[in-house]
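>>> Any chance you can model this:
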Amino acid sequence: MKISVILFIFIAISVGLALSQPVYKQNNINWKQFSPLYTNKEDTVLIVDTKAKNVLKRSTNGGIDWSSNVIDTQGNTIYGNAGYYQRDDNVMVVNFPSYGKTQISVSNDAGTTFTTSQVFPYRIVSVTPHLDMDGYVIARSDKYILISQDFGLTWNNVSSNGQTLFMPGGSSFYSEPLWDPSEKTGSFFAILESGGTGAFSVSKDMGKTFKTLINGAVDMIYTDNYYYVGVIDAQKGGNKLYVKSLFSVVASTMDGFLLCEFPFGEDVQPNDFRILDDSSGAIFMGISNSRDGETSNKRYGTVYVSNGAGNIFTLSVNHVSISSNGYYDFMPLYGAKGSYLYNRVSNYKDTSTAPVTMQSFISYDNGGRWNRLSPPTNMACTVSGPCKLNVHGLSAFVDKTRGYGPIYSIASAPGLVLATGNANPALSADPIKNRVKTVFSTDNGQTWSKFFDEGTIYEFGNYGSSIIWATAMNDTKTFYYTFGLGQTQTSVLMNLPSDVDVINIITSPTNSGNKFIFLVEDSNDFGSMIGVDLTKVLPPACDDSMMDSYTTRCILGLQTTYRTVKANTNCYMTQTPQVSRKYCQCTVEDFECDIGYENADDSSADSDENTGSTSGNPSAPEQLNCRVSLTSQYVPITEENCTPGQVYFKSKGFRMVAGSQCTGGVNATYSPEMIMCPSKHSSSGGKGWIAAVVIGIVLVGLGGFGFYLHKYNPELKQKILKRVGLSKTGPKYSVIGIKPNSLADDEFGIEDDDAQILNDNDLQDNEDF
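Purely as a prediction, here's the structure:
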């Protein structure tokens, strides 16, 4: 009897242990051309499998199990060799059954059922769903504009009046039409052919008539906050950029578009523009300049920032680290609007063959002031010198010889930041592998702790209360997970045929669940996916007693309090953390030097002597000292050149940081004076200054100058697609516009042979850092 009882207890314990393990399953589906698409229906994920002749497959349990294929309501298998698009519950899968023909399958219930269209006698590409009008999408077929009102089942050629799209010089693709995001109607923009150049035009009647707004246009893009148009200046040469604010539209003769100008002379031309972020209301733009057509150093670039209207640009930081394919290590922290982190090249004076070394800086006032990161107390400094925390940015993630997890934060987990790096004076682009650690912050980067003893790739789940990760240093069969912000870490050795290289870990766009997909490669660089489900190992759901409150310092005029899991508490969150905000009085941190001025204290993050710390809440300087810049080309509006009878603003040398919502305080001290222009002067208006930056888009020279977007650079676009995917739905790894939900068409130039992604065995050591 005792033996039976003991045997029963042993069996019960064994079963309990078996049930308390995460569920995982490797699926032989190639993710490297089309990244998984998370739909609006919980746990429903779609992917086009190139290993199975581009058949559409579906998972209804978060990527663990996949159907052999998806069948439409007509009983036919759905194919999608040109990718998929999504808007709310509408999903479009595009297939080219033969050359010059298109067939589209549409779902109106988040991928549950599909209806397939007839075969259209043309190729439908560059599809953009309307933000407000359900079912409306705009696209192009070669040089013609197409509009659908049923999400792609039928199409109308609105170019029947003879208008054709422009093909920029140096490109083999026509420009694409886009909806006007500031209108809830059928208004759209298109770059039309006009005598060999592009005419940026608007149609407010679904293509019946067009009005030309800007000549010389070569491309356009929009974000949630701004619309951008790239232009080649046919008269003066060089590049121009126009911007339209979508939240504070100004009156102009060009439908709200204003010309961007920058604080460098006309003899210096921007070779490329990279839109880094505009989520705080300010536009951060990375610019690589050249003189006489020669491109500046590709190891680093300069970041400029606009004011709140997006129309006045000043220098933010110099010598920002750039990847070999042009990605800046400059990223927002999504848990604290107005907070940014960037990597400065510390050896920028060295020759271009020397390994790049970087130092990390953080700002909590939209880039007004920058400080070094405080090193974790549990992380050793391994070389002599003033040791600070330095973390990898996007350049390390997209580099196939490294692939470390970059600075990562998500909006649904305020305060939480993951990164990889070291606690030395600087971080090398080719670091010694055993010095790379994973670090974690729960207070928006003010303090840090060592999270894991090597470099990893990671993802948040359950609104940040769960974290899952795997090594980025070598091939592996092991992954790790934790609840309660890393206090207890559990490893899982997977039963796989061989070790795999974990390229990325993805989950639903809201990071609300506990199911993940590992995008992996084998030793031959063939892609497959591993679905992981933590449901069976979930701790109790968090209740109020398990939560703590954290209050930030005043950032952009707001002090934010959010709820987070208490330290050493093992629970998981079931909803977005509660957030409350209150307005702050204006301080000097809410102001910066105006255009045409520079900081008289010369204490920017670009100074070699700057070793400031963000530990705690550092006190702000008592006053801001700005002086007239001797190098600025800006011509301000004054009494001598203002428009008679109109009001103009006379700068005191300062301007409020874009996005700040502060009130009172020092506002009157630093704000400009409002002055009426005397009537005795002629009406010669001042020179307007506009600036712009578009997220995740690079505009580089066409034929020596001009613009060249990702869509015209298939190799670069595919590299990012294979890493984290491309979409306009939200951020991934703190890069706006990069997200696992990939949209692909024939313009991507995607081929399996092009899939050259990080191989951990390619990691190289550096003797210094």
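>>> only C-alpha atoms for contact and neighbour calcs from this point on.
Noted.
>>> how far away is residue 505 from residue 345?
Computed as Cα to Cα, to the nearest Å, the residue 505 to residue 345 distance reads 29 Å.
>>> show me where this protein has helices.
2-19, 394-398, 667-670, 714-723 (DSSP state H).
>>> Out of those helices, which gets the lowest mean score?
Note on these: lowest mean pLDDT is at helix 714-723, with a mean of 33.
>>> for the stretch 301-450 of the chain, which spans come out with low pLDDT?
Where the stretch 301-450 of the chain drops to pLDDT under 70, the residues are 352, 400-402.
>>> repeat for the stretch 1-150 of the chain
1-19.
>>> all strands of it, in order?
23-27, 37-38, 45-49, 55-59, 84-87, 90-95, 103-107, 115-116, 125-129, 137-141, 144-148 (DSSP state E, counting those that start in this stretch).
>>> Surely residue 50 touches residue 30?
Yes: between residue 50 and residue 30 there is a contact under Cα atoms under 8 Å: 6.1 Å.
>>> neighbour-wise, which of these two wins?
residue 30 (24 against 20; other Cα atoms under 10 Å).
>>> how near is that one to residue 369?
From residue 30 to residue 369 the distance is 45 Å (Cα to Cα).
>>> cool, and residue 305?
13 Å.
>>> who has more neighbours, these two?
Legend: neighbour count by other Cα under 10 Å for residue 305 and residue 369, higher for residue 305 (30 against 18).
>>> The residue lying closest to the more buried one once chain neighbours are set aside: neighbour count?
Leaving out its chain neighbours, the residue that sits closest to residue 305 by Cα to Cα, 6 or more residues apart in numbering is residue 284, at 4.6 Å. A count of nearby residues for residue 284, using other Cα under 10 Å, gives 32.
>>> swap in residue 523?
14.
>>> Residue 632 too?
Residue 632 has 16 neighbours, counted by other Cα under 10 Å.
>>> Surely it is in contact with residue 594?
No: using Cα under 8 Å, residue 632 makes no contact with residue 594, being 11.2 Å away.
>>> How confident was the prediction at residue 611?
For residue 611, pLDDT reads 37.
>>> isn't residue 43 right next to residue 65, touching?
No: between residue 43 and residue 65 there is no contact under Cα under 8 Å: 10.8 Å.
>>> Overlap of the contact sets of those two?
residue 59 (Cα atoms under 8 Å, 6 or more residues apart in numbering).
>>> if we can go back for a sec, can you lay out the strands of the stretch 1-150 of the chain as JSON lines showing mean neighbour count and distance to residue 551?
Compiled in JSON lines, the strands of the stretch 1-150 of the chain are given as follows (neighbours: other Cα atoms under 10 Å; distance: least, Cα to Cα, whole Å):
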{"stretch": "strand 23-27", "mean neighbour count": "18", "distance to residue 551": "37"}
{"stretch": "strand 37-38", "mean neighbour count": "26", "distance to residue 551": "33"}
{"stretch": "strand 45-49", "mean neighbour count": "27", "distance to residue 551": "37"}
{"stretch": "strand 55-59", "mean neighbour count": "22", "distance to residue 551": "40"}
{"stretch": "strand 84-87", "mean neighbour count": "25", "distance to residue 551": "35"}
{"stretch": "strand 90-95", "mean neighbour count": "26", "distance to residue 551": "39"}
{"stretch": "strand 103-107", "mean neighbour count": "24", "distance to residue 551": "44"}
{"stretch": "strand 115-116", "mean neighbour count": "20", "distance to residue 551": "50"}
{"stretch": "strand 125-129", "mean neighbour count": "23", "distance to residue 551": "39"}
{"stretch": "strand 137-141", "mean neighbour count": "24", "distance to residue 551": "43"}
{"stretch": "strand 144-148", "mean neighbour count": "23", "distance to residue 551": "48"}
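>>> Turn those strands into a markdown table, columns for distance to residue 590.
As requested, those are arranged in a markdown table below (distance: least, Cα to Cα, whole Å):
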| stretch | distance to residue 590 |
| --- | --- |
| strand 23-27 | 49 |
| strand 37-38 | 39 |
| strand 45-49 | 43 |
| strand 55-59 | 48 |
| strand 84-87 | 37 |
| strand 90-95 | 42 |
| strand 103-107 | 48 |
| strand 115-116 | 54 |
| strand 125-129 | 38 |
| strand 137-141 | 41 |
| strand 144-148 | 45 |
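>>> Would you tell me which of the ones you listed gets closest to residue 495?
Closest to residue 495 of the strands of the stretch 1-150 of the chain, according to Cα to Cα: strand 23-27, at 9.1 Å.
>>> so what strands line up beside that closest one?
The pairing partners recorded for strand 23-27 under DSSP bridges are strand 527-533 (antiparallel).
>>> Give me the residues contacting the partner strand.
22-32, 62-65, 514-521.
>>> go on, stretch 486-498?
Stretch 486-498 is contacted by residues 24, 26, 451, 467, 477-483, 522, 567-569 when judged by Cα under 8 Å, 6+ apart.
>>> at 7 Å instead, please
451, 477-482, 568 (Cα atoms under 7 Å, 6 or more residues apart in numbering).
>>> Name all residues that make contact with the nearest residue to residue 22 once chain neighbours are set aside.
Distance criterion Cα to Cα, 6+ apart; nearest residue to residue 22, sequence neighbours excluded, is residue 534 at 4.9 Å. Residues near residue 534 by Cα under 7 Å, 6+ apart: 22-23, 514-515.
>>> Could you rerun that using 10 Å?
Residues in contact with residue 534 (Cα atoms under 10 Å, 6 or more residues apart in numbering) are 20-24, 461, 466, 468, 481-482, 513-516.
>>> which residues are in contact with both of residue 632 and residue 594?
With Cα under 10 Å, 6+ apart as the test, residue 632 and residue 594 both reach residue 314.
>>> before we move on, the earlier item: and the residue nearest to residue 305, how far from residue 308?
Taken as Cα to Cα, the span from residue 284 to residue 308 is 11 Å.
>>> Residue 274 now?
19 Å.
>>> quick one, which of the two is more surrounded?
residue 274 (25 against 20).
>>> Check the contact between residue 554 and residue 663; I expect there is one.
No: with contact defined as Cα atoms under 10 Å, residue 554 does not count as touching residue 663 (11.9 Å).
>>> okay, and the common contacts of these two?
What both residue 554 and residue 663 touch, as defined by Cα under 10 Å, 6+ apart, is the set 583-587, 590.
>>> and which of those residues is nearest to residue 245?
Closest to residue 245, out of all of the shared contacts of residue 554 and residue 663 and judged by Cα to Cα, is residue 590, at 21.5 Å.
>>> got the contact list for the closest residue to the closest one other than its chain neighbours?
The shortest distance from residue 590 to any non-neighbouring residue, by Cα to Cα, 6+ apart, is to residue 657 (5.3 Å). By Cα under 10 Å, 6+ apart, residue 657 lies in contact with 281-282, 305-308, 338, 365-368, 556-557, 588-594.
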